[in-house]
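Q: here is a sequence together with a model predicted from it:
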Amino acid sequence: MAQLAPTLTSPSANADTDAPRAGARRRPGRFARSFRQYWQLYLLVIPPLAYFVIFQYVPMANAVIAFKDYNVVDGIWGSDWAGLKHFERFFDNPMFTTVVKNTFLLSLYALIASFPIPIILALALNEIRARYFKKTVQMVTYAPYFISTVVVVSMAMLLLSPRVGIIGDLTGFFGIPASDYMAKPDFFRHIYVWTEVWQTTGYSAVIYLAALAGVDPSLYEAARMDGASRLQKIWHVDLPSILPTIVVVLILSVGSIMAVGFEKAFLLQNPLNLSQSEIIATYTYKVGLQHADFSLSTAIGLFNSVINLVLLVGVNIIAKRVTGKGLW
Amino acid sequence: MVTATETLLRPPGARRLPTRVKEPVGDRIFLVGVYVLLTVFLVIVLLPLWYIVVSSVSSPAAVSAGKVFLWPVDFTWRGYETVLTNAKILLGFGNSVFYTVVGTFVSVVLTVMLAYPLSRANFVGGKFLTGAVVFTMLFAGGLIPTYLVVQELGLLDTRWALIIPKAVAVWPAILAITFFRTSVPDEVYEAARIDGASELRILWQVVLPLAKPMVAVIALMYAIVQWNSYFDALIYLRDDTLYPLQLVLRNILILGGDAGTDVAAAIERQQLASLLKYSLIVVSTVPMLLIYPFVAKYFTQGLVLGAVKG
Amino acid sequence: MKRTITRPLALAASAALVAGAAACSSDGGGSAEDDNVITIFSQQGPDRDLNGSTFTKLIEEEFDVDLQFETTTWDSASAAETRQIALASGDLPDAFLLIPWVDQFSQAELVKYGDQGLIRPLNDLIDSSAPNLQEAWSGTPEWEQLATAPDGNVWGLPQWNDCFHCTFPSKMWLNTAWLDALGLDAPTTPEEFRDVLTAFKEQDPNGNGEADEVPLTGATGGNSVLPFLMNPFVYVPTTTQNGAVPASLALDGGDVTLQPTLDGWRDGLRYVNSLVEEGLIDESAFTQNQDALLALGDIAGDPIVGAASVGHPGVFVTIGQEDERDRGYDAIAPLAGPNGSPASKTPSSVAGAAFVITSKASDAKAEKLMQIVDYMIDYDNHLRAEFGEENVGWAYAEEGDTAIDETLDPLWRQIRVSGAEANDNITASWGPLAQYYGDLVFRGSEVRPKDVDVYDLEGYNVRLFEETQDYADNAVEEKVFPYWNLWIPEEESAELATTQTNIETLITQASAEFATGVRDIDNDDDWQAFQDALVASGSERYLEIYQKAYDAIS
C-alpha cells in the first residue's frame, strides 16, 4: 500500500521507544520507573482485574473437573482423578472426526462470508452525506441482530419451502423448478451462514463506523488536494486507518471459531443433512439427554478452547508479520 | 495562556475549507454506485423485517398458511394486546431498563479503567494483562463453577447477579484498547506531559473526549447484551419480580408448549403462541432501535472535533 | 459436601468491587432452617403463581405445612440447567416436583444420585404414608414397575399418564373427503394404499383443475411417515431424531432385536422408496419441521394434503377452519402386509421421576411431602389440583352424561374458562404438576360432550379416542421393547449414551437416505455398507447392554 505523502501515516500507537519486552532482565528497574510514572493507572486497573480474577479465573480453576470423575457429593476437589479418560472417550468416539470437521468448516465458512461485508457496508456509509438515508440504513441493517434464532430459522424454512415459500416462486419465474433446499446437505451450511450474515452485518459495521469516525480529517483534505478519487481515498486513507480494528476483529473472530452455538444448527438439522449439520454442540446435547456428564462436557470444552487458542495465536503472528499490527 | 495540548488541538486561525472542490465524474459515478449498493442492502435486510412486522398484526392462521407477504391479512391487534396488557411485561420492562442503564454504566466504566492503562505503551505489564484478558475468552470455567462463585459471594437472587458477573467482556475491552491506541496520537501525550498533567487528568480531559465514538460503541455493545440477556436471570434469580423483559417474553411464548392432557386446549394455546411470536419480537426490539440514533450521533462527533484539530 | 477453593480466593480478591454489592444483597447460600418450611423446586408456567395459588394454601392448611416454591420456567433446556445447578451447587431443596415434558430426573440420574446419597428412596414412606398410591399400584402394576429400580428402591415417583391416543403416535390420517369424491374405499394393504395415493395424485380430488395435490407428507421426528408405512413389513417401534430413546429396538421372544438388521426393514424401505419414486410422497416429508407441515395443511386456496402420519390431525391442519378442510381427515387402520398389521406403540408416561425427595429433607418433612403427593392421586383431589376450583375449572358428571370411554361411568368434565376468569382459575391449580395418576379409567371417564360434532374443536378428544381404536386393536404387545422399565447401571450409562446416539442417528439418516433414493435400496453393496456402519458404531454392544438390562427385569 503506497502512501501518498509521509504526513499521511495515521498516528499509530507503536511509535514508542520504550516498549517493554517480556522477560527483560532489567525488569525491576523498568517496572519501578513505569510504576512511578503510571501509578495512578496501576490503581485504576485493579477493580477490572479483580473482576477477571473472581469471575473468570477462579471458575476456570474449577475446570479441572475435565480431568476428574466429577461427583456432586465429593465436590470438585474431592472427586477421583480420571486423567485423560474423558478426552480419550471423546477422541475414540466414531463421530469425533465428523463433528469436529463439521464445526470447523461451518465456522470457517461463516467467518469468511461475514468478515468483509460489514467493512464494505461501513465504508459505503462513510461516503454518503444524506443524513436520513444514512441513519435509516444503519438502523435497519442493525435490527436483525435482535431477532431470536428460532424466528430466523422458521422464517428461512418458510421462505425456502418448495410449495409455500417465495424462493420457490422466484426460481419458478426463471423456469427453475423449486426443490427442497433443506434436504441437500450442502445447503445446511449455506442457509446457516447467510442467515448469520443477515443477522450480524449491521451490528458488526457499527464497530467500523466508530473507527472511521476517528480518522483524522486532515488526511482526507490532504488526499483531496493530492487529487485522489473516492476509491483511492478509501484505499489509501480509510482502510489503513481502520486496519488495526480490522485486524483485532479478525483475530478475535478466529479465536472463537470452535465456539459454534447449538441452537441454530439444531433447528436446521434434519435426517438428510446430518452429515454436515451434526456439530460438536448438537452431538453433546444429544448424548447429554441420556446421560449428563459434566466431566465429559468440560473436557470437550477444553478441547475446543485449545484449538481456538492455537488458531488465535497463529493468526496474530501472521497479522503482525503482514500488517505490523496485532493483538499484542 | 494556551497550553501545549491546546495548541495541538486548536491551532489558531484554523477554519474549515469554505468551498468544496468540484467532484470529478468518476467519483460521481462511484457515489451513485455506493447509493445503489446501500439501497440493495437496505432492501434485502428490510424485507424479512417487514414480514415480521406485518405478521405481528395478521391472524396466525393466515401467517401459517403462507398468505402473508407484504401486507397484513386479517388485521388484528390481539397479539399486541395480549403482550402489552400482561402485568409481568411492564415489570419486566422496568427491570430491563434498570439492568441496561446500570449495567452499561458499570461495564463501560470498568472497561475504560481496564483499557486505558493497557493501551499505554510504557505501561509495564500491559501486554501480559492483555493476554490474560484474551485468555478468558478462550477458556472459561463453565456454568456451574461460575454459579458457585456467584453463590458464595451472596449475589444470588439479587439484581447485582445480573450486572456484576458479566461486567467486563473481552470484545469491548480489546476494541477499547485498540481504539485508545489508534485515536490518541503520541504528540498529545507529549504535550500533556509538558503541561505537567497527571495521568488521570489526561484520561479525563484529553483522551475520553477523543474516544467518544469508541465509548459509544462499547456502551451500545454492553447495552445490547444486557437488554437481550435472559439466561443469567434464569439461573441466578428465583424471585420473578426481578425478571428482565426477555425472560418474561420467553416465558409467554412457552405458553404454546403446554403438552398437557388436553390436546384441544393445547391446540388453542399453540395458535395463541403463534400469534404472539411476532408481536413479541417487535416489542422487544423497538427500544434497542430507538436508542440507536443517540449512539450513532457520536460517530460523527470525532469528525467535527478532528476538523477543528486539523 | 466439600467446598471448592473458591471461598478463600474469592474473599481475598473481592475487596472494593464487591463489598458494596454484597452489602446490598440478601443472604445467599445456606440460610437458617425454618422448621416448618418445606422448599420445593418446581417449574412454573408463565401465567401461574405457585406460591400464591389457592391450591397451595389448601395443601398448607390440610397438612399444616409452609410450602416455599423455588421455580424455574417451562423452557426445557433452561429448566434442565437450573435443576443441575441446584443439584451441583449444594443448594438443595427439600424436594423436586417436576413436569415430565419440561424436565425431570432420568433413570440414570436417579441411580447416580441415589448411590451418592443425594436423594432418598421412597419405599418406607410409601408404606407408611401413601395409601392412595398403594391402591393405585395394585390397580396399575405397570406404574409400580416403572417407578421401581432393579435393586428394589423407588428413588422417585414418575407421573402415570395414560393418554390413550398418545400411545399410538403414528396414525395415518387420510383425506376421506377425497376418498368420497373419487369413490374409493379405504385402503387395507400397502398396494391398495399406493393405488389411493396415485388416485389422489392424478385424479384432481380437490377439483381445482390443477395437479397440486400432495398425496402423502410428513415431518421429522415423531411425524415421520416411516413407522406406518413400514409396519406391514417389519415392526417399527417409533422414530426419534435425537437418539434419546432406543427407537429401533424390539423384542422377539426374549431377545432384543435391532430392527434395521432385519430383512423386513429393507423391504419396508423399498416400499417407501417406490412411493417416493412415483412422486406419491412429498420430498419434504423427510426434512421439514412441524411448522412447515402445518403450513402445507393450511395452505391458502384449496387443500392439497392427502395424508399424513402424525399423532393427531392438529399437527398438520388447523382445526376449525372456515372451509372445513380439517373435518375431512380420518385415521385409517394399520395396513396389512407380510408382517401382519401391527401398530407402533409407545408409552405415554415418561420414565424417571417427577417427584424426588432429597437428603436435605428431614424425616418429618419427607413424610409430609409424601402425603401431599399421595393426596393428589385420589381422583377427586386430582381434579381440584389439576383443573382448579370445582364448578369453575371442572365439574362432576351429571345425570345423563356419558363418558368418552363408553364402557366406563362418567365422572368429570372440564369447563372451558376464558378471559379474566381463566387467569384466576389457572393460579388456583397446580396444573401439570398434579398429574400423578391419570390412568385410562380417569381419563376415559371424562364426560363426552353432548351433541357435539367430533369434528369440532370441542369434540376433539372424543374424535381422537375413537380414531385410536383401530390402532389399539392392532397393538402387538409382545414385540414392544419396554425400555422405560429398564435401569442401566451407572458404569454402562456413559457408554450407552454415546452408542445409542450414534446408532439411532445413523439409522435415522440411513433410512431417510434409502427412502428418498440418495442411497440405492436395491444395491446390495449400499445395504451392506449400512449394516457394516451399524456394527462399526457399536450395535453389538448396544444389544448386549440392553439385553442384560432386560434379562434383569424379566
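A: Arrived safely, thanks for sending.
Q: got the phi and psi for residue 264?
A: Answering for chain A, as no chain was given. Main-chain dihedrals, A:Lys264, degrees, to the nearest 10: phi -70, psi -40.
Q: how does the chain divide up, domain by domain?
A: Unless you meant another one, I'm taking chain A. A:26-83, A:85-323 (automatic domain parsing).
Q: let's do chain C instead
A: The record's domain parsing of chain C by automatic domain parsing lists C:34-162+C:348-446, C:169-344+C:479-553.
Q: could you dump the ones you listed to a markdown table with mean pLDDT and mean neighbour count?
A: Using the backbone N, CA and C atoms, a C-beta is placed for each residue, glycine as well. What follows is the domains of chain C, written out as a markdown table (pLDDT from 0 to 100; neighbours: other CB atoms under 10 Å in any protein chain shown):
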| stretch | mean pLDDT | mean neighbour count |
| --- | --- | --- |
| domain C:34-162+C:348-446 | 89 | 19 |
| domain C:169-344+C:479-553 | 92 | 20 |
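Q: output those domains as CSV; include the columns distance to chain A.
A: Converted to CSV, the domains of chain C look like this (distance: least, CB to the nearest CB, whole Å):
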stretch, distance to chain A
domain C:34-162+C:348-446, 5
domain C:169-344+C:479-553, 4
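Q: which one of those domains lies nearest to A:Leu84?
A: For A:Leu84, the closest of the domains of chain C is domain C:169-344+C:479-553, at 15.4 Å, according to CB to CB.
Q: so how far is the closest one off the chain centroid?
A: What separates the centre of domain C:169-344+C:479-553 from the centre of its chain is 18 Å, taken as CA atoms, centre = their mean, to the nearest Å.
Q: tally of neighbours for the closest residue to chain B within the stretch 451-554 of chain C?
A: Taking CB to the nearest CB as the measure, the stretch 451-554 of chain C has C:Tyr460 as its residue closest to chain B, at 4.0 Å. When neighbours are defined as other CB atoms under 10 Å in any protein chain shown, C:Tyr460 has 25 of them.
Q: worst mean pLDDT among the domains of chain A?
A: Across the domains of chain A, domain A:26-83 has the smallest mean pLDDT, namely a mean of 76.
Q: can I get stretch C:154-164 in PDB, CA atoms only?
A: Extracted in PDB, the C-alpha atoms of stretch C:154-164 (Å, rounded to 0.1, in the frame of the first residue of the first chain):
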ATOM      1  CA  VAL C 154     -38.200 -46.400  44.500                       C
ATOM      2  CA  TRP C 155     -36.000 -43.400  44.000                       C
ATOM      3  CA  GLY C 156     -38.700 -41.100  42.900                       C
ATOM      4  CA  LEU C 157     -42.200 -41.100  41.600                       C
ATOM      5  CA  PRO C 158     -42.900 -40.700  37.800                       C
ATOM      6  CA  GLN C 159     -46.200 -39.500  36.700                       C
ATOM      7  CA  TRP C 160     -48.600 -42.000  35.300                       C
ATOM      8  CA  ASN C 161     -50.400 -40.500  32.400                       C
ATOM      9  CA  ASP C 162     -52.200 -43.000  30.200                       C
ATOM     10  CA  CYS C 163     -53.000 -40.800  27.300                       C
ATOM     11  CA  PHE C 164     -54.800 -43.300  25.100                       C
END
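Q: now name the helix or strand holding the residue nearest to C:Glu421 when sequence neighbours are not counted.
A: The shortest distance from C:Glu421 to any non-neighbouring residue, by CB to CB, 6 or more residues apart in numbering or on different chains, is to C:Val392 (7.1 Å). Using DSSP states H and E, C:Val392 maps to neither a helix nor a strand.
Q: thought C:Val392 was touching C:Gln414?
A: No - using CB atoms under 8 Å, C:Val392 makes no contact with C:Gln414, being 10.8 Å away.
Q: on that earlier part again, need the domains of chain A in JSON lines with mean neighbour count, can you?
A: Listed next are the domains of chain A as JSON lines, based on neighbours: other CB atoms under 10 Å in any protein chain shown:
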{"stretch": "domain A:26-83", "mean neighbour count": "18"}
{"stretch": "domain A:85-323", "mean neighbour count": "19"}
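Q: pull the contacting residues for residue 210.
A: Just going to use chain A. By CB atoms under 8 Å, 6 or more residues apart in numbering or on different chains, the residues touching A:Ala210 are B:Phe179, B:Pro213, B:Met214, B:Ala216, B:Val217, B:Tyr298, B:Phe299.
Q: oops, wrong one, chain C.
A: So C:Glu210 contacts C:Asp204 (CB under 8 Å, 6+ apart).
Q: check the secondary structure at it for me.
A: Taking DSSP: H, G, I helix; E, B strand; the rest coil as the rule, one finds C:Glu210 in the coil state.
Q: so how far is C:Glu142 from it?
A: According to CB to CB, to the nearest Å, C:Glu210 and C:Glu142 sit 51 Å apart.
Q: give me the residue from chain A nearest chain B.
A: A:Pro59 (2.4 Å).
Q: from C:Tyr271, how far out is the closest residue in space to that residue that isn't next to it in sequence?
A: Excluding its sequence neighbours, the residue lying closest to A:Pro59 (CB to CB, 6+ apart) is B:Gly141, at 2.4 Å. From B:Gly141 across to C:Tyr271, the span is 53 Å (CB to CB).
Q: okay, how far is it across stretch C:286-302, tip to tip?
A: Stretch C:286-302 has its terminal residues 23 Å apart, counting by CA to CA, to the nearest Å.
Q: which parts of the chain are strands?
A: Reading this off chain A. Secondary structure of chain A (DSSP state E): strands located at A:68-71, A:79-81.
Q: show the low-confidence segments of the stretch 51-200 of chain B, by residue range.
A: Counting by pLDDT under 70, the ranges of the stretch 51-200 of chain B that qualify are B:65-66.
Q: might you enumerate the residues of it proximal to chain C?
A: Contact residues, the stretch 51-200 of chain B versus chain C (CB under 8 Å from any CB of the partner chain): B:61-62, B:64-67, B:88, B:143-145, B:147-149, B:151-158, B:160, B:164.
Q: try 7 Å
A: With CB under 7 Å from any CB of the partner chain as the criterion, the stretch 51-200 of chain B meets chain C at residues B:61, B:64-67, B:143-144, B:147-149, B:151-158, B:160, B:164.
Q: now the helices for the stretch 1-150 of chain A?
A: Along the stretch 1-150 of chain A, counting by DSSP state H, counting those that start in this stretch, helices occupy A:27-44, A:46-52, A:58-61, A:75-78, A:85-92, A:96-114, A:116-127, A:131-142, A:149-160.
Q: tell me which parts of the stretch 151-300 of chain C are close to chain B?
A: Checking the stretch 151-300 of chain C against chain B by CB under 7 Å from any CB, the hits are C:Asn161, C:Cys163, C:Leu294, C:Ala295, C:Asp298, C:Ile299, C:Ala300.
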